[in-house]
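Asks: requesting a structural model of the entry that follows:
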Amino acid sequence: MRRLCGCGQKMDLGFRLVIFENKFQIDRVPILECEDCEYYEVLPAIKCDLTNLLAQLKDEGKGGRVLFTDVNEFADVLYSSYLTWKRTGDNQSFEELLEQGCDERINMLLDLYSCAKKASDSKWMNEISSRLAPLSKYVKERQCLETK
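Replies: Purely as a prediction, here's the structure:
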């Protein structure tokens, strides 16, 4: 989750409010930030999802405030893990908490998917699939990094 900034310092995870076209506010957007030079960037794992949300909001034409954690499962797990890690201290590494949170959320969503399938509710199944996608993407990328 951490990486080095262009200035050579460590970038840490944070969450920001993104204001787009002075009309849309998206809160709890995961970012990487450098305390030394104050540079920050949207977390690469969610950048595409954020861009898609901004396009969707623009198409709908209505302004307002959205919690990114309400529309992106990975951001929600990331935020929950971050709050737990900050609250409990360094008893467990953030990465371990995040991995555990992702695994638990994926299992819960798969259980829901099974219920939706039994109910033959294709709309619900599609919704759950779209919620699983960002988590699956993160897990897949994490596994690729571990095998290198």
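Asks: burial count for A55?
Replies: Using other C-beta atoms under 10 Å, A55 has 10 neighbouring residues. Every residue, glycine included, has its C-beta placed from N, CA and C.
Asks: which SS state does it fall under?
Replies: Under DSSP: H, G, I helix; E, B strand; the rest coil, A55 falls in the helix class.
Asks: and if you look at W124?
Replies: Using three-state DSSP, the structure places W124 in helix.
Asks: and the gap between the spatially closest residue to it that is not a sequence neighbour and R65?
Replies: Nearest non-adjacent residue to W124, counting by C-beta to C-beta, 6 or more residues apart in numbering: A116, 3.9 Å away. Counting by C-beta to C-beta, to the nearest Å, the separation of A116 from R65 is 30 Å.
Asks: does the residue sitting nearest the centre point of the chain fall in a helix, a strand, or a coil region?
Replies: Nearest to the mean C-alpha position of the chain, by C-alpha atoms, centre = their mean, lies A75 at 2.0 Å. Under three-state DSSP, A75 falls in the helix class.
Asks: try D36
Replies: Under three-state DSSP, D36 comes out as coil.
Asks: ok, now Q25?
Replies: State at Q25, reduced to three classes by three-state DSSP: strand.
Asks: quick one: residues contacting the closest residue to it other than its chain neighbours.
Replies: Leaving aside its sequence neighbours, Q25 sits nearest to R65 (C-beta to C-beta, 6+ apart; 4.3 Å). For R65, the contacting residues are 25-27, by C-beta atoms under 8 Å, 6 or more residues apart in numbering.
Asks: just to revisit the earlier point, ramachandran angles for the residue nearest to W124?
Replies: Phi and psi for A116, reported as degrees, to the nearest 10, are phi -60, psi -40.
Asks: tell me which element the nearest residue to Y82 once chain neighbours are set aside falls in.
Replies: Nearest non-adjacent residue to Y82, counting by C-beta to C-beta, 6+ apart: L13, 6.2 Å away. Here L13 sits within strand 10-20, counting by DSSP states H and E.
Asks: can you pull out the residues in contact with that strand?
Replies: The contact list for strand 10-20 (C-beta under 8 Å, 6+ apart) reads 1-5, 25-35, 39-40, 42-43, 50, 54, 57-58, 78-79, 82, 94.
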